[in-house]
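Trainee: build me a model from this:
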Amino acid sequence: MSQASPNITLADNIYYYLRSKIGHLEIEPGERLSEAGLARQFNCSRVPVREAVQRLVSDGALEVIPQRGSFVTPISMTQLEHCRFIRATIEGRVVLDDFDAGLLEPIVPVLGSIIKRQENLIAVGDYNEVFSLDSDFHLLFYTISHKEYAYDVTGMNDIHYCRARLLTLRGEGKDNMVHQHHMIVDAIENKDRDALDKALNTHFQNVNNVIETKKFVTRKGQDYFTR
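Mentor: Predicted structure coming up:
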């Protein structure tokens, strides 16, 4: 394992490593983390491991059960609804403001290119990259009007929402997502503000709708979700 850079501590490296593993569902809800094992893996004491674990507890990714250890949390449906509401409120306003300012038509080719790449990646089952491109698709609406700061508070990086989005992409949600992205681009090309507003609202509901109609369980048979 490589040493931390001068500006990033070992605890940071362990934190980002674990958050990525949890966020990409490589470590599933209910799985126990071994502090001793992580200390061996990173060739360090348990101090930076415990610091990373506490940060993940603050993120809602882990829960520490006394005398038992640290476990990956299930995905909170309540948190998903909070993120959906915040995202719909903020991103809906950002995109429609961009539309009114005439900023969207020039980026249609870029949006179309992202959709095409997503379709190709779905065909080969590379859902992690599809997930990354989905974030790129939506972040573009914020960057063209210099509102990147707003993206950070939408919940798009929330550990519960990230896991749910990826899980949805692996199921029925991938086809819904691509279709809805096409609807958003079509509305922009047709200069139809009402259709754009409707397409956005439909899209924001995608994760919740798929999760509520399909049961997702871990490799050990545990439910991914909790209220």
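Trainee: need the three-state assignment for the residue nearest in space to the middle of the chain.
Mentor: The centroid of the chain falls nearest to C162 when counting by Cα atoms, centre = their mean (2.4 Å). At C162, secondary structure determined by DSSP: H, G, I helix; E, B strand; the rest coil is helix.
Trainee: how about the worst-scoring helix or strand of the chain on mean pLDDT: buried residues?
Mentor: Least confident helix or strand, the chain: helix 206-213 with a mean of 89, by mean pLDDT, DSSP states H and E. Residues of helix 206-213 classed as buried: N206, V207, N208, V210, I211 (neighbour count, 16 or more other Cβ atoms under 10 Å). Every residue, glycine included, has its C-beta placed from N, CA and C.
Trainee: show me what the residue lying closest to G69 once chain neighbours are set aside is bridged to.
Mentor: Take G69 and drop its neighbours on the chain: the residue closest to it by Cβ to Cβ, 6 or more residues apart in numbering is R32, 5.1 Å away. Counting by DSSP bridges, R32 forms beta bridges with F71.
Trainee: what domains does the record give for this structure?
Mentor: 10-72, 75-226 (automatic domain parsing).
Trainee: so what touches the longest helix along the chain?
Mentor: Taking DSSP state H as the criterion, the chain has its longest helix at helix 77-100. Applying Cβ atoms under 8 Å, 6 or more residues apart in numbering, the contact partners of helix 77-100 are 60, 104, 138, 141-142, 144-145, 147, 150, 153-156, 158, 160-161, 164, 188, 193, 196-197, 200-201, 204-205, 207-208, 211, 225-227.
Trainee: can I get the helix or strand following that helix as PDB, trimmed to CA atoms?
Mentor: Per DSSP states H and E, the first helix or strand lying C-terminal to helix 77-100 is helix 108-124. Provided in PDB are the C-alpha atoms of helix 108-124 (Å, rounded to 0.1, in the frame of the first residue of the first chain):
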ATOM      1  CA  VAL A 108     -26.800  19.000 -26.100                       C
ATOM      2  CA  PRO A 109     -24.000  17.300 -28.000                       C
ATOM      3  CA  VAL A 110     -22.000  16.700 -24.800                       C
ATOM      4  CA  LEU A 111     -25.100  15.300 -23.100                       C
ATOM      5  CA  GLY A 112     -25.900  13.100 -26.100                       C
ATOM      6  CA  SER A 113     -22.300  11.800 -26.000                       C
ATOM      7  CA  ILE A 114     -22.600  10.900 -22.300                       C
ATOM      8  CA  ILE A 115     -25.900   9.000 -23.000                       C
ATOM      9  CA  LYS A 116     -24.300   7.100 -25.800                       C
ATOM     10  CA  ARG A 117     -21.300   6.100 -23.700                       C
ATOM     11  CA  GLN A 118     -23.700   5.000 -20.900                       C
ATOM     12  CA  GLU A 119     -25.600   2.800 -23.400                       C
ATOM     13  CA  ASN A 120     -22.400   1.100 -24.500                       C
ATOM     14  CA  LEU A 121     -21.200   0.500 -21.000                       C
ATOM     15  CA  ILE A 122     -24.600  -0.900 -19.900                       C
ATOM     16  CA  ALA A 123     -24.300  -3.400 -22.800                       C
ATOM     17  CA  VAL A 124     -21.100  -4.700 -21.200                       C
END
